[in-house]
Structures are given as structure tokens and as C-alpha cells.
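K.L.:
below are the sequence and a predicted model for it; my questions follow.
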Amino acid sequence: FEEWSGMSWWGSATPAGLAMTAEELRMGVDSATFYGVGEPTIRARLAANVRANPLGFGRVTVKSTELRDRIRKPCLADPEYVEKLSSRMLEMVATSAITQPDVVISGDEQSIGYWSWGHDLDWSPLSLQRFRMWLRSRWGGLPELNAAWQTKFARWEDVMPIPLAEARERDVIAPWLEFRRFMDSEFIGLFEGLSGRLRQKHPNVRVGLSGMAGPSAFNGHDFKALLDRLPVAPIIYDGLQRELVRGWRGDDDRVSTWTGYDTTNTNERYDRFHPWYMLAHGCDGANAYTSWQFSYRPYADGGMISVNGYATAHGEWIAEEIASIRSGPAALLKASKRLHPDIAVLFSMESLNAATCRKWARYSQVVYGVTQAIEDLGFQYDMLAPEQLTTKALKPYRLIILPAAYCLGDKQIQALRAAARNGAVLLTD
């Protein structure tokens, strides 16, 4: 991954698909996704010197109509389900090995439930069993859990979460909050396990999660945990998630986002600006749809290539900017070291969940607004997670911003007070 990558989505070995591949090459596309394990498509991509990255070994989501049921089908930890995903993943990578893929993409817009819609998943027997084991590792004993939750469970087998509707009527919402954090861990744990199996056989291939939306209480997108627990290729939408990934990514992670959504085919200023904005925010490449997804009106020219097989106007604009990025700036930034600023902004999944339960401020929008205001003023910042609020970690910062910080532990508060005594300014609401 030496230069800034341009990856197109969709493609086939049909005459129309091959003609589109030729146009993509002219525009600077160097890799492409494909569904399934079709050998003709792979060989066609290989002949065109385009890396074929397999897509779709398992879309981890449920139908919106299934959210009313508290039992997820399948459970994220179901051994048969995990084995099915793993087998499909390894099959797809093996079949496409001749093109040396660097990512195998599980599916698009993954979620514990459906997108970021509210739900109480997953109260299946296996999930509840694993939840109780997770709680024991956190609390140690049942008396400690009962004290924190203000409950009177006599046995671990009796411990249960509570649904969102009930949590909103309670003073103590810990049972709901902890269950949501557990489900985040289960979602990430699924991909952590798959990544481990993948890297045993293909150490240079990452698991890709496409269409990652902003974090919510319901979709499992805890970016700090995701980036800490496995080498991954998150393909994200614009928004707060871009800032979180930029701040917490590892050296082995490959980050890209989407461009080319100018369905009007007229917004040249945006189309030329966006690739550079992505580069400055730590992305390693751009992803764009070809015309396959936009062959219906009124979006016939919404992709990088029109339905007649030639580049759209905004496709040309974006391709020109990516070529400029590859001409030197990408390599320069890759060889550079980002200096840490003296401003830090806190993002907390616990605070997000509490805000969701209590119907307080739209937490993610509040944090994102703060980050954009800092950028508009011409400054940079680091994103911090609650576990990074330690006396040592806070020393470099002169300004620490805590937007909508509803949930802070005693140790975190102590570290923040120490930072203030050492001269840092704490800004909160």
C-alpha cells in the first residue's frame, strides 16, 4: 500500500463490465471489489492489473422487522454461524489469491441490529450466558454487581438486562448500559475472531467493514475497541467516525472512505475538495461506486462512470485530484509523522449510551460539532476515549474539551483535576 488507493465497487467479466474496467484504469482505479468467488471476474481483473478484493462473505445485520424480537437470529457467538462466515471468508480469499487482495470485505453497513435503529438485542440463551460471564469478569462477585445495579439477584443465573423502555423509567440504568457495552464487545469480538483465523493463513489480508456509520447505542460501532482489538480496514462514511478512526487507528489499519456522491454531477468544487480532505484526515484511499448501483433514474450519472460506459463529469474531477494526490503529497504524508496538538476532545461510548437512554443531547452530533468548530478555527486536536483519561496521558494538553460528558469515573475525574492543577483548561458543558 505504497500510494493512495482508488477502489471501485462492483464489476464483472461481461463485455460491459470489461469495458468499464478499461475506463476505470484510465481514471486511476487500482483495486476493485466483487461479490462471490467468480473466477472469470477475478481473471478479468488480474488481466487488467487491478487488485480484486472479495466482498460479501457475510453481512452481519438483521431485517428491520426483526428488531421487535429481543432474540437475535443468529446470535453473534453462535459457533455454526461463526464457522459459516469463516469458511466463506477463507474460500473467497483463496479463490482471489492470484490478484493478491489486501482486504476481504465482510459486507456493507454492518450492525448488531439494522443500521442504527433502536432495539434490545440480544436476549438469546447463549447471549445471556455470555453476558453473565462478561459481568463476572468485570465485577468479580454478585454482591458487587447488586450494589452497583441496586438489584437483589440471588444467583448469577438470575441476572438479566432490562429493555430500553424500562430503563427510561428507572433512576439506575446500569443494567441497560452494561448490556449495550457487552453487545458492542460481542459485535467486535466476532470480527476479531474472524480476523485471527484469516491472519493465520493470509497474514497480509485484513478484514474489511464497509459503510461504517457513526457510533450509536445499537450498531456496535465502538471504534476505539475495534481499532484496538484487530487489524482492520474500516471503510467509513463522513462524519464523527472519520475523526475517531483518524485518532485511534493503528499502523497496520487501512482506512478509506467514500467519495463521488455528487448525483447531480455538477458540484465540481466539492468533488475536487473531498479527496484532499480525506487525505488530510488520515485516509489511505478513496472508494467510489461505478455506474452499476446508479443505473436507474434519476441517478443514472451518479456513479464515477455513466451508464454509457464513460466517466461522468464528477468522476473526471475526482480522478484528476487523486492523480494529483498520488504525484507526491500522499507519499510525503505517509513518510511524515503527525505532531500531536495540545487540544484534546473526549468521546465516550458510555456518555453516548446514557444520552440515548435519557433522551438528552444528540451526543455524537455534539462531539462532531465541537471538532468541526476547532477545525474552522484553524486548530487540530486528538480524540480521547475514557480509558485514556490518565494523569500521564493528559500532560501534553493545554485544552481538554469534555462535550456532554455524562459518564465519568472517579479515577478519570481525578486525572482531569490533576491536569487542571498542572495548567490545562477544562472546557465542558
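P.N.:
Yes, it's here. Numbering: from 1, shown residues only.

K.L.:
and S216, what element?
P.N.:
Using DSSP states H and E, S216 sits in no helix or strand.

K.L.:
that one and V62, how far apart?
P.N.:
Between S216 and V62 the distance, using CB to CB, to the nearest Å, works out to 15 Å. Any C-beta I mention is one placed from the backbone N, CA and C, and that applies to glycine too.

K.L.:
low-confidence stretches in the stretch 251-400 of the chain?
P.N.:
Under the criterion of pLDDT under 70, the regions of the stretch 251-400 of the chain flagged as low confidence span 291-301.

K.L.:
which residues in it form strands?
P.N.:
256-258, 285-289, 343-346, 382-384, 399-402 (DSSP state E, counting those that start in this stretch).

K.L.:
can you add distance to L352 and mean neighbour count and give those strands back as CSV?
P.N.:
Formatted as CSV, the strands of the stretch 251-400 of the chain follow (distance: least, CB to CB, whole Å; neighbours: other CB atoms under 10 Å):
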stretch, distance to L352, mean neighbour count
strand 256-258, 21, 22
strand 285-289, 26, 23
strand 343-346, 11, 22
strand 382-384, 13, 21
strand 399-402, 13, 21
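
K.L.:
okay, these in JSON lines with distance to Q241 next?
P.N.:
Shown next, in JSON lines, are these (distance: least, CB to CB, whole Å):
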{"stretch": "strand 256-258", "distance to Q241": "9"}
{"stretch": "strand 285-289", "distance to Q241": "14"}
{"stretch": "strand 343-346", "distance to Q241": "14"}
{"stretch": "strand 382-384", "distance to Q241": "11"}
{"stretch": "strand 399-402", "distance to Q241": "18"}
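
K.L.:
closest one to M27 among the ones you listed?
P.N.:
Using CB to CB as the measure, strand 285-289 is the one of these that comes nearest M27, at 9.2 Å.

K.L.:
which strands border that closest one, and is each parallel or antiparallel?
P.N.:
For strand 285-289, the pairing partners within the sheet under DSSP bridges are strand 5-9 (parallel), strand 256-258 (parallel).

K.L.:
okay if I get those strands as a markdown table plus distance to L227?
P.N.:
Written out in a markdown table, the entries for these read as follows (distance: least, CB to CB, whole Å):
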| stretch | distance to L227 |
| --- | --- |
| strand 5-9 | 19 |
| strand 256-258 | 14 |
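
K.L.:
so where is the stretch 101-250 of the chain shaky, pLDDT-wise?
P.N.:
Scanning the stretch 101-250 of the chain for pLDDT under 70 picks out no residues.

K.L.:
which stretches in it count as helices?
P.N.:
125-139, 142-149, 164-167, 174-201, 223-229, 240-248 (DSSP state H, counting those that start in this stretch).

K.L.:
pretty sure R170 is in contact with I162, am I right?
P.N.:
Yes: taking contact to mean CB atoms under 8 Å, the distance of 7.2 Å between R170 and I162 places them in contact.

K.L.:
between the two, point out the one with more neighbours.
P.N.:
When neighbours are counted by other CB atoms under 10 Å, R170 and I162 differ, and I162 comes out ahead with 20 against 13.

K.L.:
can you pull the contacts of the residue sitting nearest the centre point of the chain?
P.N.:
By CA atoms, centre = their mean, the mean C-alpha position of the chain lies nearest to M212, the distance being 4.1 Å. If a contact means CB atoms under 8 Å, 6 or more residues apart in numbering, then M212 has 109-110, 221, 234-237, 241 as its contacts.

K.L.:
can you redo those residues as TSV with distance to E321?
P.N.:
Compiled in TSV, the contacts of M212 are given as follows (distance: CB to CB, whole Å):
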residue	distance to E321
E109	26
Q110	29
H221	28
P234	22
I235	19
I236	19
Y237	19
Q241	22
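
K.L.:
the residues you listed in strands, which ones?
P.N.:
Applying DSSP state E to the contacts of M212, the entries found in strands are 234-236.

K.L.:
distance-wise, check A288 relative to H340.
P.N.:
Applying CB to CB to A288 and H340 gives a distance of 32 Å.

K.L.:
apart from its neighbours in sequence, what residue is nearest the residue nearest to the centre of the chain?
P.N.:
Of all residues beyond its chain neighbours, the one nearest M212 is I236 (4.6 Å), with distances taken as CB to CB, 6 or more residues apart in numbering.

K.L.:
that neighbour contacts T257, doesn't it?
P.N.:
Yes: I236 is in contact with T257 according to CB under 8 Å; the separation is 5.0 Å.

K.L.:
quick check: T371 touching G239?
P.N.:
No: distance between T371 and G239: 10.1 Å, which falls outside the contact criterion (CB under 8 Å).

K.L.:
more neighbours: the two, which one.
P.N.:
Shown here are T371 and G239; by other CB under 10 Å, T371 has more neighbours (22 against 16).

K.L.:
looking at the helices of the stretch 101-250 of the chain, which is buried most?
P.N.:
By mean neighbour count, with neighbours taken as mean count of other CB atoms under 10 Å, helix 240-248 ranks first of these at a mean of 23.

K.L.:
CA atoms only: put that helix into CSV for me.
P.N.:
Extracted C-alpha coordinates of helix 240-248, given in CSV (Å, rounded to 0.1, in the frame of the first residue of the first chain):
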residue,chain,number,x,y,z
LEU,A,240,-17.6,11.8,13.5
GLN,A,241,-16.4,8.3,12.7
ARG,A,242,-13.8,9.7,10.4
GLU,A,243,-12.3,11.7,13.3
LEU,A,244,-12.4,8.8,15.7
VAL,A,245,-10.7,6.5,13.2
ARG,A,246,-8.1,9.1,12.4
GLY,A,247,-7.3,9.5,16.1
TRP,A,248,-7.2,5.8,17.1
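
K.L.:
make residue 1 into 44 and carry on from there
P.N.:
Shifting the count to begin at 44 puts that one at helix 283-291.
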